[in-house]
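Trainee: just need the structure, nothing else, for what follows:
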Amino acid sequence: MRFIGCKTLLLENIHNVIKEHVNDGRVFCDIFSGTGTVGRYFKQFYEVYSNDLLYFSYVLQKGTIELDTLPKFEKLKTIGIIDPIEYFNSCENNLLESLPIEKRFFQNNYAPNGGRMYLNNENALRVDFARNTVENWLSQGIISHKEYFYLVACIVEGIPFVSNISGTYGAYHKQWERRTFKKYEVIKLPIYTNGKQNRCYNEDGVKLLKKIKGDILYIDPPYNERQYLPNYHVLETAAKYDNPILKGVTGQREYENQKSEFCSLKTALSAFDNLLSNAQFKHIILSYSTEGIMPIASIEAIMNQYAKPNSVKIYKIPYRRYKSRHQENKDDLKELLIYMEKKCI
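Mentor: Reported below is the predicted structural model:
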């Protein structure tokens, strides 16, 4: 999934930092999980705790990190559905069109039928049909809550592949992009089985750290002033499917209670200080960027307050490895990994 700041290309670097400093460790925590890429990767090595304030991120985590084996959908088999993902992807138009108009939130709001162009009408209807069906299966007791989260995660994962956007949902294109002509498909997500008590949360990360503890804490906060929910509001609605009141040309949902303090220079440093103060983890790794709103010198100063002497170490990774091809080359920009060992946890 395309996501601001996704760390797929940074996974090996993060792992190398951990191997350099951590001789043993049982619990790895990804406190700002996003798409869950980091948590899913480190699930092969550790018991994973992951968290994000965005609900769609929480769904992705619940469906692929907390869930430790692929669901078997035994009760669905009793009504003739062996593979629900294949069922959704093979639905004929007559079945899709049987969904009542009033239950087509995506088609009525995010597609041309609703005056917007995030998805074409057919793909929006496919999302609606899948989401309505999964909600019905859960209410009827045909699927468990674990199976529910897995299916919703698979539904959400497929939406960006046919969305008429440049990368986020802050706006849609006025002409249809090539990807939008593909048929929307629910994506069968893989699950790595580690046999551990992996846990996922949908909370403010700073507050959550007062309640959990472990060995390795990975921190990947927002770098700039762009709040995440306005950029991913369509996915948030797909995950919640709560029929929100939408505002404006782009159909934004309310997000006043989901603003991150890390997106404001006025509050970011104090939030970072509180986060480190609350962290009950020995090894802490921060991902950040030299173009982030928190000055690197200020980050170092805060980390040194909580770190064992001489334990703070900065790793610089060339920015060009992670930048969009549409951005100009900025050799002075770097992705940073900053390690510290916390004192007196």
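
Trainee: ok, and the closest non-adjacent residue to residue 233?
Mentor: residue 253 (5.0 Å; Cβ to Cβ, 6 or more residues apart in numbering). Backbone N, C-alpha and C define where each C-beta goes, glycine included.

Trainee: that neighbour against residue 243, yeah?
Mentor: No: contact between residue 253 and residue 243 fails when scored by Cβ atoms under 8 Å: they sit 10.1 Å apart.

Trainee: which one of the two is surrounded by more residues?
Mentor: Comparing residue 253 with residue 243 by other Cβ atoms under 10 Å, the one with more neighbours is residue 253, at 17 against 12.

Trainee: in contact with that one, which residues?
Mentor: 229, 233, 236, 237, 244, 245, 246, 247 (Cβ atoms under 8 Å, 6 or more residues apart in numbering).

Trainee: okay, now the unreliable bits of this protein?
Mentor: 1-6, 225, 227, 256-258, 319-332, 345 (pLDDT under 70).

Trainee: need the helices for it, in chain order.
Mentor: Listed in chain order, the helices of the chain (DSSP state H) span residues 11-21, 37-42, 55-61, 74-77, 84-89, 93-96, 105-109, 121-139, 145-158, 205-208, 228-231, 233-240, 265-278, 296-306.

Trainee: name the residues that touch the fourth one?
Mentor: Right, helix 74-77. Outside helix 74-77, the residues within contact range by Cβ under 8 Å, 6+ apart are 82, 84, 137, 141, 142, 143.

Trainee: tell me which two of these sit farthest apart.
Mentor: By the measure Cβ to Cβ, 82 and 141 form the most distant pair in the contacts of helix 74-77, at 18.7 Å.

Trainee: residues of stretch 162-180 that come out buried?
Mentor: Buried residues in stretch 162-180, counted by 16 or more other Cβ atoms under 10 Å: 162, 163, 164, 165, 168, 169, 172, 180.

Trainee: now the farthest one out in the protein, which residue is it?
Mentor: residue 309 (34.2 Å; Cα atoms, centre = their mean).
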